[in-house]
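Q: Here's my sequence, what's the structure:
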Amino acid sequence: MTMEQAPITVLGLGGAGCRAVGALEKLAPGRLRLLAVDTDRAALENCPIPEANRLLAAADWRGGRGCGGNVLDGQRALARERSALESLLTGTPLLRVGGGLGGGTASGGAGIVLSVCRKLDLPTLFLLTLPFTLEGHSKRRVAEETLRNELLEMADAVLTLPNDLLFSVLPGTTPLSEAFALADREIAGTALALTAVLRQGNLLAVNFTDLVAVLRRRKSFCSLGVGIAASGEAADGTGRCQLALERMLQSPLLGGVDKLTGADAVIFSLIGGDSLALGETRQVLEQAGTFVRPEAKLFAGASTESGFGENVQLCALTIKFDAAEEVESTLAGGPVRKNRPARKAAAPAVEVEQLKFALDTLSKGMMDKTTPVIWNGEDLDFPTFQRRNVMIDTGKTVSASELKKQS
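A: Okay, the predicted model is just below:
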C-alpha cells in the first residue's frame, strides 16, 4: 500500500499524546488517521476522535485508572495490547507517534509501540516532549533512559521538544491551562505539517529516507514555530505567505529567530488550499531559508489541502543535536568516532609479595619401614610435587647458579 492510497497515521500515546491528537482533530478534521492509546479512561474519553480509534490499554488489569507515572506498569499495559496495536497499525504507510516522556504510559509504552512497528516494517517518526525542569530529576531521568534505551538505537527518527520552552517564551502571567492548550495547538500544527511534508504525490515532498539519514540514532532537541494567515488579512497589503512567515518567526514555541540560525537541521512545511500558487510558495520558502546557516541540513516541502480554503500555514521545526550524546553520524552522513578520554598515566609500580603454597618436603617418619604403596613405579605415600620434583615459579628471575642449587 502506497502513501497515495492510505492516509498517514498519527498515534497519540499517553495523556499528552491524546491531547495533541485531539487538537489535531480540531485543526484538520478528517485529513489524517488519528489513533489514541492510554491507560487512563477519562483522558481517552476526552479525546475527540472516533471510539474505534481509541484503545484503553490493559483495561482488565488497570481498570482505566492510568499508570500513576509507573514506567513498568506502562510497559506491561502496552505489552498486553500488542495484537490490538498490530491490527490498528497494519496498512498505514507511515506512523507518527506523539507523547510526553517522563510519565508511565508513554515512557513505558514507547518501546512496545516501536517493536510492533518494526515487526510490521512500518516507518515511524517519534515527536515527543520532555518534562518541565520543575517536575524534578526523576521524570527527567525516566525520559532520558527511555530515549537512550528504548528509542534512539532502534527508531527511524526521534524528535524531542523540551516543555521548558513554554516558560522561556510565555509571560509569567499566562494561565497554566492556556499555556498547555497553546502547546497542544502548536504540536498539532507541527504534526500536520510533518505528515503533509512527508506525504508523496503533492507539490513538494521530503524524502523520509533523507530525513531518517539525518536523525537516526542521534539525540536532538527541537523547537517549532507555526504561522497561519489568510488572504487579505494583512491591512498593509502583505501577502498571506509573508504574514504566515512573520507569525511563524514570532511563534512562542520557536524561541526566537536564533533557534533557526543555530539549528543543525530545519524542516519547513507550507500548507495551503487549492489556490496556493507556485510563485508564492517559492518566494516564502526561499525567504525562510535565508534564516538557516549554509552548513545546516534544510528540508522544505509544500502541500495543498482543500479544507484550508484561502488559509496558509507555514511551519518550521528546528533540530539541534546534542553533541555529548551523538550516537552515530554527522550531517554529512559519515560515521562519528567518539573522542575517547585520554588515558590516565599508569600508577607507579608497587612492590607486592607473591603468595606461595606451603609445599614442604615430607618424610614417612615412623612409617618408613612399612610396605610402600606403589603405582606405576611411584610411591603414593609421598605427595605428587615431591615425587616429581615440581618447582614453583614465583615470577622472580632465578640465576643459573640458583637453579643448579635447587636441582
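Q: so residue 313 makes contact with residue 268?
A: No: contact criterion Cβ atoms under 8 Å: residue 313 and residue 268 do not qualify, at 11.3 Å. Heads up, the C-betas are built off the backbone N, CA and C, glycines and all.
Q: max-length helix in the chain?
A: Of all segments of type helix in the chain, defined using DSSP state H, the longest is helix 176-198.
Q: Just the C-alphas of it, formatted as CSV.
A: Extracted C-alpha coordinates of helix 176-198, given in CSV (Å, rounded to 0.1, in the frame of the first residue of the first chain):
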residue,chain,number,x,y,z
LEU,A,176,-1.4,27.4,33.0
SER,A,177,-4.3,25.9,31.2
GLU,A,178,-3.9,28.4,28.4
ALA,A,179,-0.2,27.6,28.1
PHE,A,180,-0.8,23.9,27.8
ALA,A,181,-3.6,24.5,25.3
LEU,A,182,-1.2,26.6,23.2
ALA,A,183,1.4,23.9,23.4
ASP,A,184,-1.2,21.3,22.2
ARG,A,185,-2.2,23.5,19.2
GLU,A,186,1.4,24.2,18.2
ILE,A,187,2.3,20.5,18.4
ALA,A,188,-0.8,19.6,16.5
GLY,A,189,0.2,22.1,13.8
THR,A,190,3.6,20.6,13.6
ALA,A,191,2.2,17.1,13.4
LEU,A,192,0.0,18.2,10.5
ALA,A,193,3.0,19.9,8.8
LEU,A,194,5.3,16.9,9.2
THR,A,195,2.8,14.5,7.8
ALA,A,196,2.0,16.8,4.9
VAL,A,197,5.6,17.4,4.0
LEU,A,198,6.3,13.7,4.1
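Q: before we move on, the earlier item: quick one, which of residue 313 and residue 268 is more surrounded?
A: Of the pair residue 313 and residue 268, residue 268 is the one with more neighbours under other Cβ atoms under 10 Å, namely 27 against 24.
Q: contacting residues for the closest residue to the more buried one other than its chain neighbours?
A: The spatial neighbour of residue 268 that comes closest, neighbours along the chain excluded (Cβ to Cβ, 6 or more residues apart in numbering), is residue 300 at 4.5 Å. Contacts for residue 300 (Cβ atoms under 8 Å, 6 or more residues apart in numbering) come out as 204, 206, 267, 268, 269, 270, 285, 288, 289.
Q: number of nearby residues for the closest residue to residue 308 other than its chain neighbours?
A: Closest residue to residue 308 apart from its sequence neighbours, by Cβ to Cβ, 6+ apart: residue 273 at 4.0 Å. Other residues within reach of residue 273, judged by other Cβ under 10 Å, total 16.
Q: How much space separates residue 273 from residue 310?
A: Note on residue 273: its distance to residue 310, by Cβ to Cβ, to the nearest Å, is 6 Å.
Q: and what of residue 50?
A: Counting by Cβ to Cβ - residue 50 and residue 310 are separated by 29 Å.
Q: Pull out the buried positions in the lengthiest strand in the chain.
A: The strand spanning the most residues in the chain, taking DSSP state E as the definition, is strand 311-326. Buried residues in strand 311-326, counting neighbours by 16 or more other Cβ atoms under 10 Å, are found at 311, 312, 313, 314, 315, 316, 317, 318, 319, 320, 321.
Q: Which secondary structure elements does whichever helix or strand comes after that strand sit against?
A: Downstream of strand 311-326, the first helix or strand assigned by DSSP states H and E is strand 374-375. The contact analysis (3 or more Cβ pairs under 8 Å, 6 or more residues apart in numbering; DSSP states H and E) places strand 374-375 against no helix or strand.
Q: for the record, mean pLDDT for whatever helix or strand comes next after strand 374-375?
A: On the C-terminal side of strand 374-375, the nearest following helix or strand under DSSP H and E is strand 378-379. Mean per-residue pLDDT for strand 378-379: 74.
Q: From the chain's centroid, how far away is strand 378-379?
A: Chain-centre distance of strand 378-379: 71 Å, with Cα atoms, centre = their mean, to the nearest Å.
Q: just stretch 124-136 next, same as before
A: 10 Å.
Q: Start and end of that stretch, how far apart?
A: 30 Å (Cα to Cα, to the nearest Å).
Q: list the contacts for the closest residue to residue 215 other than its chain neighbours?
A: In this structure, residue 215 finds its nearest non-sequential neighbour in residue 157, 3.9 Å apart by Cβ to Cβ, 6+ apart. Shown in contact with residue 157 (Cβ under 8 Å, 6+ apart): 124, 125, 126, 211, 212, 215, 216.
Q: Apply 7 Å and report the result again.
A: 125, 126, 211, 212, 215, 216 (Cβ atoms under 7 Å, 6 or more residues apart in numbering).
Q: Where neighbours are concerned, which of those residues has the most?
A: Within the contacts of residue 157, neighbour counts (other Cβ under 10 Å) peak at residue 126, which reaches 26 neighbours.
Q: quick one, the strand or helix carrying it and helix 176-198 angle?
A: Applying DSSP H and E as the criterion places residue 126 in strand 124-130. Between strand 124-130 and helix 176-198, the angle comes out at 160 degrees (axes from the mean of the first three to the mean of the last three Cα atoms, to 10 degrees).
Q: now residue 184: how far from residue 68?
A: Counting by Cβ to Cβ, the gap from residue 184 to residue 68 is 22 Å.
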